[in-house]
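> model the structure of this input:
(chains A and B)
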Amino acid sequence: EAQVTQNPRYLITVTGKKLTVTCSQNMNHEYMSWYRQDPGLGLRQIYYSMNVEVTDKGDVPEGYKVSRKEKRNFPLILESPSPNQTSLYFCASSLERTLGTDTQYFGPGTRLTVL
Amino acid sequence: RKEVEQDPGPFNVPEGATVAFNCTYSNSASQSFFWYRQDCRKEPKLLMSVYSSGNEDGRFTAQLNRASQYISLLIRDSKLSDSATYLCVVSNDYKLSFGAGTTVTVRA
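Here you go, the predicted structure:
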């Protein structure tokens, strides 16, 4: 089954404790992206990647890191989480490198709470 | 100013009604436009792309007005299953910009 998977789905952690949220897609997609969703603000892009070893900042990259060592995986790293990073996180992928008419496929989301 | 703005609603309509709502975007160079549907904070899913000439998909009709920089979605003959949040999405090469969503609730 074609899908985007994220782990963990739910995480409660404390300020300053490094964490990684994994994202994997099995559709051989070129483009992958991370978003956070907060009430009233919609989804905001954190980082995106057009191909292996190619990543770039989105609208809200502060406090996050990513890597794209393999085509299928795009982990999101929070080196020192803070309470303002409490949010719902979505990973997404699409076939093409550009987003002209291409569908974005989203993972199921990760609910992160930082105390 | 937000790149994409939507009326948050909620639009509360009876089954069988028609409901329509818009979103506006600020970047005149935006290239592609979409409506996504999101149920109860689950992952968004593509509902339909929006083309300049307007397009229909069953009971859903989407329109794009580039001159005024707005996109619309109309739902005819509303079903209970149409209850969701509808996200207006605008793309520019490598970046998608999302509206905060319009909530529609269809009541029996």
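
> quick check: residues of chain A near chain B?
A:31, A:33, A:35, A:37, A:40-45, A:48, A:50, A:56, A:58, A:88, A:90, A:97-101, A:103-104, A:106-109 (Cβ under 8 Å from any Cβ of the partner chain). Where C-beta positions appear, they are placed from N, C-alpha and C, glycine not excepted.

> just the buried residues of these.
A:31, A:33, A:35, A:37, A:42-45, A:48, A:50, A:58, A:88, A:90, A:97-99, A:103-104, A:106-107, A:109 (16 or more other Cβ atoms under 10 Å in any protein chain shown).

> in its sheet, what does the host helix or strand of residue A:88 sit against?
In the assignment (DSSP states H and E), residue A:88 maps to strand A:87-94. With DSSP bridges as the test, strand A:87-94 is paired with strand A:31-38 (antiparallel), strand A:105-106 (antiparallel), strand A:110-114 (antiparallel).

> with mean pLDDT added, can I get those in CSV?
What follows is the strands paired with strand A:87-94, written out as CSV (pLDDT from 0 to 100):
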stretch, mean pLDDT
strand A:31-38, 95
strand A:105-106, 94
strand A:110-114, 97
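
> which among those is found nearest to residue B:87?
strand A:31-38 (9.8 Å; Cβ to Cβ).

> now do the helix or strand following that closest one and strand A:31-38, the angle between them.
Downstream of strand A:31-38, the first helix or strand assigned by DSSP H and E is strand A:42-51. Interaxial angle, strand A:42-51 versus strand A:31-38 (axes from the mean of the first three to the mean of the last three Cα atoms, to 10 degrees): 160 degrees.

> which strands or helices does strand A:42-51 pack on?
If you count contacts as 3 or more Cβ pairs under 8 Å, 6 or more residues apart in numbering or on different chains; DSSP states H and E, strand A:42-51 packs onto strand A:31-38, strand A:54-57, strand A:65-66, strand B:95-98.
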